[in-house]
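**Q** Sequence and predicted structure are below.
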Amino acid sequence: MGPKRYDYAGTRVFLEHRSYQAEVAFLEDKSSKSVAGTSRLENGMQQAHSFGDKPKEICSVDCRICKESTSPAYKLTIDDSELKWLRSKGHFLSVGAAVISCRNGRAPDGLVADAHLADGFLHLILIKDCPRPFYLWHLTRLTRKGSNPLDFAFVEHHKTQAFTFVSTGDKESAWNVDGELFQARKVSVQVFQGLVSLFAAGPEY
């Protein structure tokens, strides 16, 4: 089928996709707000604004933000009781995280346009269960340069150093890590010096 196989596979996955019941916990980043507020569109749908209206600074060679990063130089301990964890619980269509923008031919601005490789953080993107047309609207925004795919009430965008995922339903979640697929009920992820470490556990964790 050539390149058209990507459109075919994507459409099939979209139509068959179901939400997962889960709880996601993530470390609070005190330097920014995850959600600054909401406004209402003409059709009654609420729209969320992530990280206010600050101008975006794109990561590049000799990036200023990466050079001036003030993130801790030590590796975090996921179960450290002194760290402040925030939680989001419910049905999720997607749970994703990125340390870079992930720009490509189909998503010219990537998942998060102003993600930085070496600032010590990853961007956690939670897509809550919503009507299928709204989810498609979010996905189509990824394909348009200058559009913000995170500006929806059912999308949570959090800047964090670590997060955990626990499936609270009766099925395992499916994960894609740089093209490698696996299933797990519990996942712990943290970023350290631009590298991401991941631990996954199955039904017996």
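**A** Done, it's in. Predicted, not measured: the structure shown is a model, and the values here were computed from it.
**Q** surely residue 85 meets residue 26?
**A** Yes. Between residue 85 and residue 26 there is a contact under CB atoms under 8 Å: 6.8 Å. Glycine gets a C-beta too; all of them are placed from N, C-alpha and C.
**Q** I'd guessed residue 115 sits against residue 101; true?
**A** Yes. Counting by CB under 8 Å, residue 101 is a contact partner of residue 115 at 4.8 Å.
**Q** Mutual contacts of the two, please.
**A** residue 59 (CB atoms under 8 Å, 6 or more residues apart in numbering).
**Q** hmm, back to that, look at residue 85 and residue 26 and report which has more neighbours.
**A** More crowded of residue 85 and residue 26, by other CB atoms under 10 Å: residue 26, with 24 against 15.
**Q** Spit out the contact partners of that one.
**A** 85, 86, 87, 88, 124, 158, 160, 162, 163, 164.
**Q** Equivalent analysis for residue 143, please.
**A** 106, 107, 108.
**Q** ok, now with 6 Å
**A** By CB atoms under 6 Å, 6 or more residues apart in numbering, the contact set of residue 143 is residue 106.
**Q** Longest strand in this structure, by number of residues?
**A** strand 85-98 (DSSP state E).
**Q** So what touches it?
**A** 19-26, 28, 111-112, 115, 122-129, 135, 165.
**Q** Now, the residues you listed that are in strands?
**A** 20-26, 122-128, 165.
**Q** and of those, the nearest to residue 173?
**A** residue 20 (5.1 Å; CB to CB).
**Q** Run through the helices of this structure in chain order.
**A** 4-16, 64-67, 132-142 (DSSP state H).
**Q** Please tell me how far the first one is from the chain's geometric centre.
**A** On the basis of CA atoms, centre = their mean, to the nearest Å, the separation between the geometric centre of helix 4-16 and that of its chain is 21 Å.
**Q** and the gap between residue 89 and residue 141?
**A** Separation of residue 89 from residue 141 (CB to CB, to the nearest Å) stands at 26 Å.
**Q** Excluding residues flanking it in the chain, which one is nearest residue 125?
**A** residue 96 (4.6 Å; CB to CB, 6 or more residues apart in numbering).
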